[in-house]
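In: how does the following fold in three dimensions:
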Amino acid sequence: MGFRIQTAAARWWIGVSALALAAPLCVAALSTQDSDEAPIRYSETRPADSIARLQQRLDSGQLKLQFRGERGYLDSLLTALGISSNSQLLVFSKTSFQRDRISPFTPRALYFNDDTYVGYVQGGPVLELSTADPQLGGVFYILEQSPTRPKISRQRYECLSCHESGLTRGVPGHTVRSVYSMRDGQPAFSAGTFVTTPTSPYEERWGGWYLTGNTGNIKHLGNQMFGNSEEAAAPDKARSTNVPSVAPFCDTRPYLTPHSDVVAHMVMAHQVDIHNLMTRASYETKRALAYEALLNKELGRGSFRSESTTRRIQGVCEPLVKAILCADEAPLGSGITGSSSFSQTFAIRGPWDSKRRSLRELDLKTRLFRYPCSFLVYSDSFKGLPDEARSYCLGRLREILTGETSPAGYPSLRPEDRTAIHEILEETLPEYAAAPPRRRSAG
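Out: Purely as a prediction, here's the structure:
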């Protein structure tokens with residue numbers, strides 16, 4: 001979620017990310033169009049996301065944020081946004097504009113729910129906010145840490161220099177990054193950097209982040225610091241892999257909890273990737289339909305739907321469907337256990353079917369979810385997809401889940417998984433229940 005922020009005093013760059021360097025990422029068929037062009041018009045379109053609604057409540061007087069001590073508005077803001085403190089993740093690499101305030105002893109804290117992120121830096125003059133808007137994708141804000149009347153300001157142009165790129169699948173969005181961090185928090189760029197998605201090898205994850213919980217025999221870069229680039233080239237991946245608290249590394253008193261829970265890390269990487277794919281599907285479907293409408297007008301052919309438009313929509317929806325069904329997810333080599341109550345509070349939110357099953361139930365033995373289908377099918381971003389894209393995704397989900405055999409590309413989707421997911425969606429997602437199976441075009 002790294003983003004740059006321009007204020008009268010300075011620029012800020014916050015991140016779900018642990019890197020302030022835009023390294024190239026190979027993603028096929030990404031759009032090169034600017035999001036400010038029609039039909040998206042990112043900058044001039046008023047957001048309709050959780051933070052925009054929060055500001056409306058502040059403006060109307062329905063809500064007042066309380067400024068308290070060193071953390072300023074943080075506690076009150078999280079309550080207002082419905083973000084639990086047990087979602088806390090701590091990043092210690094110096095990879096934001098506030099790097100002078102960030103170190104292994106004073107890490108940056110990140111809190112999140114299904115669509116919204118809040119960043120806090122000790123002594124920082126702003127709280128950093130971003131969210132996944134149903135129409136616009138990633139939208140970025142700041143809240144100045146001043147005890148006067150709180151005002152949330154949207155940030156636009158500078159954010160997209162990094163956050164509308166291959167790192168975010170070519171659309172305004174968020175990114176989770178991993179670096180080799182020196183003992184002072186400086187990233188060793190020469191040692192390499194990684195973008196983290198659910199398919200990423202675990203040995204490349206969480207560099208520059210603290211990680212609490214039991215990760216079994218999984219080797220990763222969390223909690224590790226290096227003296228020089230040579231050390232970073234050959235890390236000791238067995239070091240500090242099972243820790244109950246960040247207390248051995250830093251003073252936990254300035255933070256809401258002593259945790260940076262491994263399960264919260266995994267859920268965040270999952271939802272960031274899904275949201276970016278949703279935004280990409282939304283943008284490219286809108287562009288395909290706008291182009292076709294213009295062409296139809298020029299050719300005088302009414303509401304004709306071309307095969308090329310259908311294929312464009314299919315091309316951006318298929319990766320989204322695969323991600324929703326957790327295809328190609330990196331398997332857990334052993335079971336993991338979080339250090340906080342995050343797993344419990346995340347799972348309990350449902351919705352549940354008549355057999356008390358939910359897509360939020362966690363596995364944590366061989367994979368992240370018990371039923372490998374993303375809880376974000378219930379999200380405003382999925383509901384906000386253009387009708388053509390949402391209909392295609394729902395139909396493909398139904399086709400895959402009710403087919404006689406597991407389709408190619410879904411090797412880990414067992415028959416019992418498909419049956420359970422289908423039954424859960426039938427009861428909890430009305431649009432799925434009404435969707436006919438969608439057969440893809442040949443080719």
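
In: helices along the stretch 1-150 of the chain, start to end?
Out: Remark: helices assigned in the stretch 1-150 of the chain by DSSP state H, counting those that start in this stretch are 50-60, 74-81.

In: which other residues reach the longest one?
Out: Helix 50-60 is touched from outside by 46, 63-65, 80-81, 115-116, 129-131, 133, 139, 141, 150-152, with contacts defined as Cβ atoms under 8 Å, 6 or more residues apart in numbering. Where you see a C-beta, it was placed from the backbone N, CA and C, and this is true even at glycine.

In: try it again at 7 Å.
Out: By Cβ atoms under 7 Å, 6 or more residues apart in numbering, the residues outside helix 50-60 that reach it are 63, 80, 81, 115, 116, 129, 131, 141, 150, 152.

In: ok and it relative to helix 74-81, angle-wise?
Out: Helix 50-60 and helix 74-81 are oriented at 100 degrees to each other (axes from the mean of the first three to the mean of the last three Cα atoms, to 10 degrees).

In: next, give phi and psi for the residue nearest to the spatial centre of the chain.
Out: Nearest to the mean C-alpha position of the chain, by Cα atoms, centre = their mean, lies residue 272 at 1.5 Å. The phi/psi pair for residue 272 (degrees, to the nearest 10) reads phi -60, psi -40.

In: again with the one 3 residues further on
Out: Backbone torsions for residue 275, taken as degrees, to the nearest 10, come to phi -60, psi -40.

In: that one: how many residues sit nearby?
Out: Burial measure for residue 275: 26 neighbouring residues, criterion other Cβ atoms under 10 Å.

In: tell me the pLDDT at residue 350?
Out: Note on residue 350: pLDDT of 91.

In: equivalent analysis for the one 10 residues further on, please.
Out: Looking at residue 360, its pLDDT reads 98.

In: report the contact partners of it.
Out: Counting by Cβ under 7 Å, 6+ apart, residue 360 has contacts 346, 347, 349, 350, 375.

In: and residue 233, by the same measure?
Out: Residue 233 sits next to residue 191 when contact means Cβ under 7 Å, 6+ apart.

In: next: residue 77.
Out: So residue 77 contacts 65, 118, 127, 143 (Cβ under 7 Å, 6+ apart).

In: mind checking pLDDT for it?
Out: We have a pLDDT of 98 for residue 77.

In: for the residue of the chain most remote from its centre, give me phi and psi.
Out: Using Cα atoms, centre = their mean, the residue of the chain lying farthest from its centre is residue 300. It sits 42.4 Å away. Dihedral pair for residue 300: phi 60, psi 40, per degrees, to the nearest 10.

In: okay, it and residue 378: tell me how far apart.
Out: Residue 300 is 42 Å from residue 378, where distance means Cβ to Cβ, to the nearest Å.

In: what segments of the stretch 151-300 of the chain are helices?
Out: Taking DSSP H, counting those that start in this stretch as the test, the helices found in the stretch 151-300 of the chain are 157-163, 229-232, 262-299.

In: would you reformat the ones you listed as CSV and include distance to residue 362 and mean pLDDT?
Out: Shown next, in CSV, are the helices of the stretch 151-300 of the chain (distance: least, Cβ to Cβ, whole Å; pLDDT from 0 to 100):
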stretch, distance to residue 362, mean pLDDT
helix 157-163, 29, 66
helix 229-232, 32, 76
helix 262-299, 7, 96
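
In: which one of those is the most hemmed in?
Out: helix 262-299 (a mean of 22; mean count of other Cβ atoms under 10 Å).

In: remind me what it packs against, helices and strands.
Out: Judged by 3 or more Cβ pairs under 7 Å, 6 or more residues apart in numbering; DSSP states H and E, helix 262-299 is in contact with strand 89-91, helix 307-324, helix 342-347, helix 380-383, helix 387-402.

In: figure out which of these is closest to residue 409.
Out: Closest to residue 409 of these is helix 307-324 (Cβ to Cβ; 6.4 Å).
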